[in-house]
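Visitor: Whatever this is, show me its structure:
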Amino acid sequence: MSATSIKVIIPAVNEEASIAKVIAEIPKNVSEIIVVNNGSSDNTKKKAQLAGATVLDEPNKGYGNACLRGLRYVAALEKSPDIIVFLDGDYSDFPEEMTKIIAPIIEEDFDLVIGARKSSLREKGSMTFPQRFGNALATNLMRLFFKSKFTDLGPFRAIKYNKLLSLKMQDRTYGWTVEMQLKALKQNLKYTEIPVRYKNRIGTSKVSGTLKGAILAGVKILSWIFKYSFK
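Guide: Okay, the predicted model is just below:
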């Protein structure tokens, strides 16, 4: 794995209490950790810099906006990475599990690997009812319309950089994860899921922690699914 160039993109909004913990536990074989400061009003940016990450500013709010900002930075680099890993900055994932998420790409030539938050591996209360319901609805619809084997829309994921470019990602808010999975299905990318542990996040969720956020996320996810179902 040491010969593979891996870059990690972490969208972050007001994660000053968690971001350094996330960075510290990322495996040392990654070539660069990129934190995208998505309009934080706290010390997220400073904490990430002190922890050794490259920090980019993206004032336009939205998970997708932050991910796209990270990808614009990567595209401008002299040398492209082999793999991009996306990881949240709230410490709900176990960053050290990145090794097993990347392994199917390196060892078995998979294009996309999703870290699936299996119920047996989740800490009690770590996923809210809107999250559980939204995941079940979205993945069941993908199974119905596309014969998909996805069971989760987990944000902890790895993808070959060249395959990610071929997806031409667009979503700027809540639909980023499902857009990636739908486009991967449409392009017949080789994908798999790896069960990962999941714990209660530090701080309050910007999406599932509010009724408005949960509703908007649900609408965006369903709109992507139905858009591709009738193409």
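
Visitor: R172 should be in a strand, yeah?
Guide: No. Counting by DSSP: H, G, I helix; E, B strand; the rest coil, R172 is not found in a strand; it is coil.

Visitor: Kindly state the pLDDT recorded for it?
Guide: The score at R172 is 93. That number is its pLDDT.

Visitor: separation between it and A51?
Guide: Distance, R172 to A51, by CB to CB, to the nearest Å: 27 Å. (Glycine included, C-beta is placed from N, CA and C.)

Visitor: what's the answer for N65, then?
Guide: For N65 relative to A51 (CB to CB), the value is 23 Å.

Visitor: Stretch 7-25: how far from the chain's middle?
Guide: In terms of CA atoms, centre = their mean, to the nearest Å, the centre of stretch 7-25 is set 12 Å apart from its chain centre.

Visitor: which SS class is K45?
Guide: K45 is classified as helix under three-state DSSP.

Visitor: Let's verify the residue nearest to the spatial centre of the chain: helix, strand, or coil?
Guide: With distances taken as CA atoms, centre = their mean, P155 lies nearest the centre of the chain, 2.9 Å away. Using three-state DSSP, the structure places P155 in coil.

Visitor: contacting residues for it?
Guide: Contacts for P155 (CB atoms under 8 Å, 6 or more residues apart in numbering) come out as Y63, F86, L87, D88, D93, T177.

Visitor: Need phi/psi at the third one.
Guide: When you say that, I think you mean L87. Taking degrees, to the nearest 10, you get phi -150, psi 140 for the backbone angles of L87.

Visitor: What is the burial count for it?
Guide: Counted with other CB atoms under 10 Å, residues neighbouring L87 total 25.

Visitor: Who are the contact partners of it?
Guide: Shown in contact with L87 (CB under 8 Å, 6+ apart): V8, I9, I10, V22, I26, D93, P95, M98, P155, F156.

Visitor: Find the nearest non-adjacent residue to E25, please.
Guide: Of all residues not flanking E25 in the chain, P95 sits nearest, at 4.0 Å (CB to CB, 6 or more residues apart in numbering).

Visitor: Am I right that that neighbour is in contact with V22?
Guide: Yes. P95 lies in contact with V22 (CB atoms under 8 Å); the separation is 5.6 Å.

Visitor: out of these two, which sits in the busier spot?
Guide: Higher neighbour count among P95 and V22: V22, with 27 against 22, using other CB under 10 Å.

Visitor: How much space separates the more buried one from A66?
Guide: According to CB to CB, V22 stands 14 Å off from A66.

Visitor: same thing with V85?
Guide: Between V85 and A66 the distance is 14 Å, computed by CB to CB.

Visitor: okay, these two: which has more neighbours?
Guide: Higher neighbour count among V85 and A66: A66, with 28 against 25, using other CB under 10 Å.

Visitor: What distance do you get for the more buried one to T173?
Guide: Distance, A66 to T173, by CB to CB: 10 Å.

Visitor: Quick check: closest non-adjacent residue to Q170.
Guide: Closest residue to Q170 apart from its sequence neighbours, by CB to CB, 6+ apart: E179 at 6.9 Å.

Visitor: For the one you found, pull up the helix or strand it's in.
Guide: Using DSSP states H and E, E179 maps to helix 176-186.

Visitor: just checking, what packs against the longest strand along the chain?
Guide: Secondary structure of the chain per DSSP state E: the longest strand is strand 112-122. Secondary-structure packing of strand 112-122 (3 or more CB pairs under 8 Å, 6 or more residues apart in numbering; DSSP states H and E): helix 98-108, strand 157-160, helix 176-186, strand 191-198.

Visitor: Just the helices from this protein, written as ranges.
Guide: Using DSSP state H, the helices of the chain run over 19-24, 44-50, 63-75, 98-108, 129-146, 161-167, 176-186, 211-229.
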